[in-house]
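**Student:** Sequence and predicted structure, then a few things I'm wondering about:
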Amino acid sequence: MYLSPEDRPGSRPTSRPTSAHYQKDSDEDDPYPISVQTASSSPRTRNSSHISLGSHQHPPRASVYGDHLAPSSRPSSRASVRVTNRLSTYITPEDSHRRRGRSRTRARSPGGRTPASSRPRPDSVVSLHGEKASLRSRSNAAFPAGSPPAPVPPLPVNRPRRKQKVYPVMQTHRYDRGTKLQERPFEYTIQPMQMTYQLEDVPDTWEPHTHPEGTLYFRHRHRRIYTEAWLCESEVLNEIEDFLVQLDESVHEFGYLLPPDAELVLELENIPPGAEHNDLETGKPASHYWTYYFVHHASRVLFWVHPHEVTPEMEILRGFHSASHIKHGIEEFYWKHFEYFPNRQTVSNDLLEEVLSMLVYKNVDQLTSMSSTVGMKPDDLQKLASVIKTAKSLGSNQYTACAVGRLMCLFAHDRYHYYYGQKVARLDRYQSLFDSSGRGKRTALAALLSPVLFNAPEVHLKSLERIWVDQIINEIPWSQFINKLQTDWQEAVLTATVLLNANISFMTINDVDNGSGPRTPAQIASFVSTIASIASTVIGMLLVRQYRVKPKETATDAVTYLTSRRHPKLGLETLAIMYSLPYALLMWAVVTFLVAFALECFHIYDIPTISATATTWGLAAMLLVLCLYTIWEGGDISVHQWFMDVWESTQGRLRTFYARVMKKNPGDEEATPEQSSATASPEIAMETC
């Protein structure tokens, strides 16, 4: 049984995983072995193309590690959807709402909602090899070797069996399970001659393994099964076994053909408080949700035996356009599985060469393109290439498997977000793949405040729109933008502080403030300058501190922040206005201080003083106008071209208006030669038609 998202109560909680391999690795007894049989073979003939569930016979052991380690069948590594803070490339807004799978150093793709599913029809048979088997002819369907189709054998233990609805998922919740330890007295006595320190109460059919990061997981000794569930507790072990038997029955019932190297991950997710989830046999409340996914190494994908709506668990883009696009997203989760359970993964030379080749290309692309889609700096790429070369000399082990899997995750993440191999691919980090005709349009608020704030909001708004394309952001341009902002704010705070001191000193002059009578215009202007300086200093310090205490250095942090600040109607205009305030207020403080000083210069009628100051003010004004003419805020606006456009537009409107007036009063057409010539102008004739 399985459940659709609508049927599953509560949000997705933390969980315990388990993974299963449908292949024997030893000759030990197994109550639920997997044997192989094809339609063309006799009932006792084995073939590796199909898998039957529930047989008591054991296939021969291919190697000491199991044949799933064959390099030819597996290019390995898990593509963790998480992105390291230092190497994160880009991220979408939805990722900002997802759970962090790691601490500061890693943000992983969140687990999605409960998968949708309607029960598979019993007459459908699935094969990853493209083969189809019909239940009308069960000869090539999965069933116990050496016997006709028969039910899966019952559990070998004398206890009541659980039965629950199961849910397809795409990943475990290793980093956000939320399990806590109980405080106990710190006491331990070492016995005489004690030289071994092993994990206690480990089931005989499971072997414990420790991930390089420290996570404990278990692997079934006879089948391709892994689990992060705490199997040292008998209750958890029984639940895992019941779950596994129920899934075996589903595969047997539907006649699905599983790849011979398939792995299965089973996860026990904690049921959140208040949610109802009952056992199907007893009706009693269950303790966990049962979730799972299969792994196919040859195709580098996950698969399931129930329909599964995968998009809720994937980072949501603005649209999918083909199954090959979805495949890149699923491959991310495949590489994540590869890293989560690295003990029996094989890192072949071909895989290492593939990783090294991609690093070389990305390094060259980053060095030769100013708008490369690569999200890592050349120095980081060079270091990673050196690490992969070292891994090649070390050979295949769980440590190199984790390292390679993590990199392959990032590469699959890139292909998924940049529409790799699709009708239109993103070749430039600033390229939008969708209709962007609405970009560049400003609301009345931005149109009104931008000139008042010396066009600074428009500059920041264009920068934000340039680096946040299609709701995807690249870490490199975002970091450059934030570093530039922080530098500007610090300089504005410093300059505003100096100007504040200048205003205080200016107001202590006796001629400016004689202590009696109303305030002079110079005093009023100085007051305005002082207030603007204080505001610039305070706002600048707040912004600098905000980005120091809570740095938004990674793509995850950037998208979370921008998404939360994006207004439904105003977009990022309010954020751009806020970013521009320290600079704009400082400019107003400078302007008003100049006004105050100028008023004081011309306050007393003194011809020599007025002549000298007027000449100096005139020269300064000319230089200022020349500077503004040459350098306009933003660097992409030509003042000369702007004036020419305004002049031509004004002329055109006046001619159109004049032509319409003349058309209404034809008797006045020959009143003056200028009117006649203007009316006869071809331009006016075209405009009046």
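**Tutor:** Sure thing, it's come through. Residues are numbered from 1 along each chain as shown.
**Student:** can you give me the strands for the stretch 201-350 of the chain?
**Tutor:** Using DSSP state E, counting those that start in this stretch, the strands of the stretch 201-350 of the chain run over 206-210, 216-220, 225-227, 263-270, 288-296, 301-303.
**Student:** orientation of the first one relative to strand 216-220 in degrees?
**Tutor:** Calculated by axes from the mean of the first three to the mean of the last three CA atoms, to 10 degrees, strand 206-210 forms an angle of 150 degrees with strand 216-220.
**Student:** As CSV, could you dump the C-alpha coordinates of strand 206-210?
**Tutor:** Coordinates of each C-alpha in strand 206-210 appear next as CSV, following Å, rounded to 0.1, in the frame of the first residue of the first chain:
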residue,chain,number,x,y,z
TRP,A,206,23.0,-6.5,9.8
GLU,A,207,26.5,-5.1,9.9
PRO,A,208,27.2,-1.5,11.1
HIS,A,209,29.2,1.0,9.1
THR,A,210,30.3,4.5,10.0
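**Student:** strands paired with that strand, and their directions?
**Tutor:** Each strand paired with strand 206-210, and its direction, by DSSP bridges: strand 216-220 (antiparallel).
**Student:** buried sites along the partner strand?
**Tutor:** Along strand 216-220, these residues count as buried under the neighbour rule (16 or more other CB atoms under 10 Å): Y217, F218, R219, H220. Where you see a C-beta, it was placed from the backbone N, CA and C, and this is true even at glycine.
**Student:** got CSV for these, with distance to S463 and pLDDT too?
**Tutor:** Below are those laid out as CSV (distance: CB to CB, whole Å; pLDDT from 0 to 100):
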residue, distance to S463, pLDDT
Y217, 45, 92
F218, 51, 91
R219, 51, 89
H220, 54, 88
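**Student:** for those residues, which one is nearest R159?
**Tutor:** H220 (19.6 Å; CB to CB).
**Student:** Neighbours of the closest residue to Q431 other than its chain neighbours, how many?
**Tutor:** Closest residue in space to Q431, ignoring its immediate chain neighbours: V469 at 6.8 Å, by CB to CB, 6 or more residues apart in numbering. Here the number of neighbours of V469 (other CB atoms under 10 Å) works out to 21.
**Student:** for V469, what are its contacts?
**Tutor:** V469 makes contacts with R429, Y430, Q431, S432, as judged by CB atoms under 8 Å, 6 or more residues apart in numbering.
**Student:** CSV for those, including distance to H325 and secondary structure?
**Tutor:** Listed next are these as CSV, based on distance: CB to CB, whole Å; DSSP: H, G, I helix; E, B strand; the rest coil:
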residue, distance to H325, secondary structure
R429, 19, coil
Y430, 21, coil
Q431, 17, coil
S432, 17, coil
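**Student:** for those residues, which one is nearest Q366?
**Tutor:** R429 (10.7 Å).
**Student:** from memory that closest one sits against I473, does it?
**Tutor:** No: applying CB atoms under 8 Å as the test, R429 and I473 come out as separate, 9.2 Å apart.
**Student:** So between those two, which is more surrounded?
**Tutor:** I473 (28 against 23).
**Student:** Burial check on K362, number of neighbours?
**Tutor:** There are 24 residues near K362, going by other CB under 10 Å.
**Student:** Now the helix or strand harbouring it: buried residues?
**Tutor:** K362 is part of helix 349-368, with elements assigned from DSSP states H and E. Using 16+ other CB under 10 Å as the test for burial, helix 349-368 gives L351, L352, E354, V355, L356, M358, L359, K362, N363, Q366.
**Student:** what's the answer for stretch 413-432, then?
**Tutor:** For stretch 413-432, by 16+ other CB under 10 Å, it's H413, D414, R415, Y416, H417, Y418, Y419, Y420, Q422, R426, R429.
**Student:** can you pull the pLDDT of the last one?
**Tutor:** As summarised for this prediction, R429 has a pLDDT of 89.
**Student:** same thing with the first one?
**Tutor:** For H413, the model assigns a pLDDT of 92.
**Student:** quick one: low-confidence parts of the stretch 401-550 of the chain?
**Tutor:** Applying pLDDT under 70 to the stretch 401-550 of the chain flags residues 436-440, 512-517.
**Student:** Of all the helix elements in the chain, which one is longest?
**Tutor:** Criterion DSSP state H: the longest helix present in the chain is helix 475-507.
**Student:** That one to helix 349-368, inter-axis angle?
**Tutor:** On the basis of the same axes, to 10 degrees, helix 475-507 is oriented at 30 degrees to helix 349-368.
**Student:** average model confidence for stretch 247-263?
**Tutor:** 89.
**Student:** What is the end-to-end distance of stretch 367-382?
**Tutor:** Stretch 367-382 has an end-to-end distance of 11 Å (CA to CA, to the nearest Å).
**Student:** same deal with stretch 593-613?
**Tutor:** OK, stretch 593-613 end separation, CA to CA: 16 Å.
**Student:** For the stretch 551-689 of the chain, just list every one of the helices.
**Tutor:** Remark: helices assigned in the stretch 551-689 of the chain by DSSP state H, counting those that start in this stretch are 555-565, 573-601, 607-630, 639-664, 673-679, 682-688.
**Student:** Report all helices and strands that the third one contacts.
**Tutor:** Read it as helix 607-630. If contacts are counted by 3 or more CB pairs under 8 Å, 6 or more residues apart in numbering; DSSP states H and E, helix 607-630 sits against helix 573-601, helix 639-664.
**Student:** Could I get the full set of helices for the stretch 151-300 of the chain?
**Tutor:** 234-254.
**Student:** A614 versus A620, what's the distance?
**Tutor:** Using CB to CB, to the nearest Å, one gets 11 Å for the distance from A620 to A614.
**Student:** swap that for R545, sorry
**Tutor:** Taking CB to CB, one finds R545 at 44 Å from A614.
**Student:** which residues does S371 contact?
**Tutor:** Counted by CB under 8 Å, 6+ apart, S371 has contacts D428, R429, Y430.
**Student:** Let me know the closest of those residues to Y334.
**Tutor:** Checking the contacts of S371 against Y334 with CB to CB, the nearest one is R429 at 26.0 Å.
**Student:** Show the contacting residues for the closest one.
**Tutor:** Counted by CB under 8 Å, 6+ apart, R429 has contacts S371, S372, T373, I467, V469, N474, P477.
**Student:** pLDDT below threshold where in the stretch 151-300 of the chain?
**Tutor:** Low-confidence regions of the stretch 151-300 of the chain, defined by pLDDT under 70, span residues 151-158, 274, 280-283.
**Student:** Adding distance to S580, write the buried residues of strand 216-220 out as JSON lines.
**Tutor:** Output for those, formatted as JSON lines (distance: CB to CB, whole Å):
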{"residue": "Y217", "distance to S580": "52"}
{"residue": "F218", "distance to S580": "57"}
{"residue": "R219", "distance to S580": "58"}
{"residue": "H220", "distance to S580": "61"}
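**Student:** from those, which single one is nearest L586?
**Tutor:** Closest to L586, out of all of those and judged by CB to CB, is Y217, at 57.4 Å.
**Student:** Tell me which other helices or strands the helix or strand containing D414 touches.
**Tutor:** Remark: D414 resides in helix 398-417, with elements defined by DSSP H and E. Counting contacts by 3+ CB pairs under 8 Å, 6+ apart, helix 398-417 packs against strand 83-84, helix 323-340, helix 349-368, helix 378-394.
**Student:** Minimum distance to L181: which of the ones you listed has it?
**Tutor:** Across the helices and strands packed on helix 398-417, closest to L181 is helix 323-340 (CB to CB), at 21.3 Å.
**Student:** Export that closest one to CSV, keeping only CA atoms.
**Tutor:** Only the C-alpha atoms of helix 323-340 are listed here, as CSV (Å, rounded to 0.1, in the frame of the first residue of the first chain):
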residue,chain,number,x,y,z
ALA,A,323,12.0,13.9,-19.2
SER,A,324,15.7,14.3,-19.8
HIS,A,325,15.5,17.6,-17.8
ILE,A,326,13.8,15.7,-14.9
LYS,A,327,16.6,13.1,-15.1
HIS,A,328,19.2,15.7,-14.2
GLY,A,329,17.3,16.5,-11.1
ILE,A,330,16.9,12.9,-10.1
GLU,A,331,20.6,12.3,-10.7
GLU,A,332,21.3,14.8,-8.0
PHE,A,333,19.5,12.5,-5.5
TYR,A,334,21.3,9.5,-6.9
TRP,A,335,24.7,11.0,-6.1
LYS,A,336,23.4,12.0,-2.7
HIS,A,337,22.6,8.3,-2.0
PHE,A,338,26.1,7.4,-3.3
GLU,A,339,27.7,9.7,-0.7
TYR,A,340,25.3,8.8,2.2
